[in-house]
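In: Predicted model follows, preceded by the sequence.
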Amino acid sequence: MTEEPTIVPLLEPREGIPPVVTDAVALAETVEAFAAGTGPVAVDAERASGYRYGGRAYLVQLRRAGAGSALIDPIACPDLSALHDAVTGAEIVLHAASQDLPCLAEVGFRPRTMFDTELAGRLLGYERVGLGTMVETVLGLRLEKGHSAADWSTRPLPEDWLRYAALDVEVLIELRDVLHAELVDSGKLDWAREEFDAILATPPTAPRPDPWRRTSGIHRVRNVRALAIVRELWTMRDRIAREGDIAPGRVLPDTAIITAALEVPRTKKALTEISAFTGRSARRHMGDWLAAVAKARTLPDADLPQPSTPGDGPPPANRWADRDPAAAKRLAAARAAVAALADEHRMPTENLLQPDVVRRLTWEPPADITDETVTGRLRELGAREWQISLTAHPLTKALDRLETRGEI
């Protein structure tokens with residue numbers, strides 16, 4: 001009978017909870033310590049998602065051999081460019097890097113090389129890649145849980161939150177070292193390096209032209225006048241949230257916006273009868289909500305939003321069979337080929353080749369299906385070289401087989 005591996009709880013940072021860096025003198029000392037350290041630098045950031053407007057960092061955690069751990073308050077110390085300069089050339093180790101890179105860039109910390117332990121776990125075929133699970137599975141240690149969704153804009157930060165934050169980088173470098181060795185053994189290190197470099201090279205996300213269209217439940221809104229109510233309420237909520245530095249959902253939930261669009265309340269009494277408008281924050285701005293609804297009701301027809309905006313890509317895959325049956329068959333064949341390869345290489349299909357790339361390739365394939373044309377199309381669509389080397393030929397075979405058999 002196989003014994004279960006012993007899991008050791010990780011309850012305290014090795015050197016204790018470091019003091020939070022909140023002034024220029026302490027920051028300069030931290031910069032000096034990390035400049036003198038050696039090897040990779042583990043980095044993490046805590047935000048206040050769901051509490052504050054935007055995604056800024058409210059705590060930055062770091063650890064490096066020879067320097068120990070540091071907790072920095074980026075509100076009190078909003079410029080970490082000196083720290084960035086001090087560790088330039090070192091590999092920065094993050095978990096789920098794409099989540100933290102934008103808020104780190106806002107404070108002047110922009111890694112040039114990095115290792116993402118979550119993405120490495122995906123490429124290596126780990127089924128669960130959350131930091132706590134990875135640390136437990138790979139290192140046999142159990143991290144403290146419970147504060148990832150906390151309001152990190154709170155000041156002062158409670159001691160147990162700071163302990164949790166320090167532990168998040170406590171063994172991140174050790175995790176990186178084991179995963180690095182596994183990537184080497186599996187022949188996937190070069191793939192991982194390409195992925196890490198691609199994340200670092202990704203430009204900031206451009207603002208959406210109509211962000212209000214992402215309101216949850218908007219599919220229930222069937223006419224353009226009601227859509228105008230959604231737009232005006234969303235825009236009013238966004239202004240209030242931005243000015244008050246409050247997460248929009250805490251000002252007014254999406255359910256309130258959609259219900260108002262469907263019921264079109266014309267008085268404060270009618271508005272208060274919608275349960276989603278009875279929250280304290282929502283009640284404080286009743287006049288604003290009524291004004292937004294009134295504006296939408298009286299807009300000229302020419303100013304009403306269109307039912308939907310045209311996208312730059314293919315339609316949703318569930319409509320392909322009706323709109324283009326041949327494309328639907330190509331998509332099914334391509335997905336099957338990618339899924340088989342993903343199983344062979346023990347990784348999720350979306351990491352082997354992005355689903356959007358597969359959709360665009362099969363919606364508008366090259367006129368002549370050859371290894372060269374498929375390779376060129378994949379490259380044009382942003383696939384990485386390692387992905388192209390694995391998938392171009394199997395995709396070519398899958399698509400060519402459909403044409404050869406006369407199925408499309």
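Out: Received it, and whenever you're ready, just let me know what you need.
In: Mind telling me what element the nearest residue to residue 323 once chain neighbours are set aside is part of?
Out: Among residues not flanking residue 323 along the chain, residue 315 sits closest, at 6.2 Å (CB to CB, 6 or more residues apart in numbering). In short, each C-beta sits where N, CA and C put it, glycine included. Using DSSP states H and E, residue 315 sits in no helix or strand.
In: Just to check, residue 315 is in contact with residue 321?
Out: No - counting by CB atoms under 8 Å, residue 315 stays clear of residue 321, with 11.0 Å between them.
In: residues contacting residue 180?
Out: 115, 120, 189 (CB atoms under 8 Å, 6 or more residues apart in numbering).
In: will you turn those into TSV that also has distance to residue 306 and neighbour count?
Out: Formatted as TSV, the contacts of residue 180 follow (distance: CB to CB, whole Å; neighbours: other CB atoms under 10 Å):
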residue	distance to residue 306	neighbour count
115	45	26
120	44	27
189	48	17
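In: Neighbours of the residue nearest to residue 323, how many?
Out: Using other CB atoms under 10 Å, residue 315 has 14 other residues around it.
In: Torsion angles phi and psi at it?
Out: Here is the backbone geometry of residue 315 (degrees, to the nearest 10): phi -70, psi 170.
In: Next one: it, what pLDDT does it get?
Out: According to the prediction, residue 315 has pLDDT 90.
In: how near is it to residue 383?
Out: The gap separating residue 315 from residue 383 is 21 Å, by CB to CB, to the nearest Å.
In: low-confidence ranges in the stretch 251-400 of the chain?
Out: Applying pLDDT under 70 to the stretch 251-400 of the chain picks out residues 309-311.
In: Now do the helices in it.
Out: Taking DSSP state H, counting those that start in this stretch, the helices of the stretch 251-400 of the chain run over residues 254-263, 268-272, 280-284, 286-298, 320-323, 325-344, 349-352, 355-363, 371-380, 385-404.
In: Mind putting the ones you listed into CSV with distance to residue 183?
Out: Formatted as CSV, the helices of the stretch 251-400 of the chain follow (distance: least, CB to CB, whole Å):
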stretch, distance to residue 183
helix 254-263, 41
helix 268-272, 56
helix 280-284, 47
helix 286-298, 52
helix 320-323, 36
helix 325-344, 17
helix 349-352, 13
helix 355-363, 23
helix 371-380, 23
helix 385-404, 12
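In: looking at those, which is closest to residue 78?
Out: Closest to residue 78 of the helices of the stretch 251-400 of the chain, according to CB to CB: helix 280-284, at 27.3 Å.
In: Could you list the buried residues of that closest one?
Out: Neighbour-count burial for helix 280-284, with 16 or more other CB atoms under 10 Å as criterion, is recorded at 281-282.
In: Tell me, how many residues neighbour the closest residue to residue 149 other than its chain neighbours?
Out: Among residues not flanking residue 149 along the chain, residue 50 sits closest, at 6.9 Å (CB to CB, 6+ apart). Close neighbours of residue 50, defined as other CB under 10 Å, add up to 12.
In: try residue 256
Out: For residue 256, the neighbour count with other CB under 10 Å is 22.
In: In this structure residue 341 contacts residue 390, no?
Out: Yes - counting by CB under 8 Å, residue 341 touches residue 390, with 6.0 Å between them.
In: For the helix or strand encompassing residue 168, buried residues please.
Out: Element membership of residue 168 [criterion: DSSP H and E] is helix 159-170. Buried residues in helix 159-170, counted by 16+ other CB under 10 Å: 161-170.
In: Dump those residues into a markdown table; add distance to residue 259 and pLDDT as well.
Out: Shown next, in a markdown table, are those (distance: CB to CB, whole Å; pLDDT from 0 to 100):
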| residue | distance to residue 259 | pLDDT |
| --- | --- | --- |
| 161 | 36 | 96 |
| 162 | 41 | 97 |
| 163 | 42 | 96 |
| 164 | 38 | 95 |
| 165 | 39 | 96 |
| 166 | 44 | 97 |
| 167 | 43 | 96 |
| 168 | 39 | 95 |
| 169 | 44 | 98 |
| 170 | 46 | 97 |
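In: Out of those residues, the closest to residue 363 would be?
Out: Closest approach to residue 363 among these (CB to CB): residue 168, at 41.4 Å.
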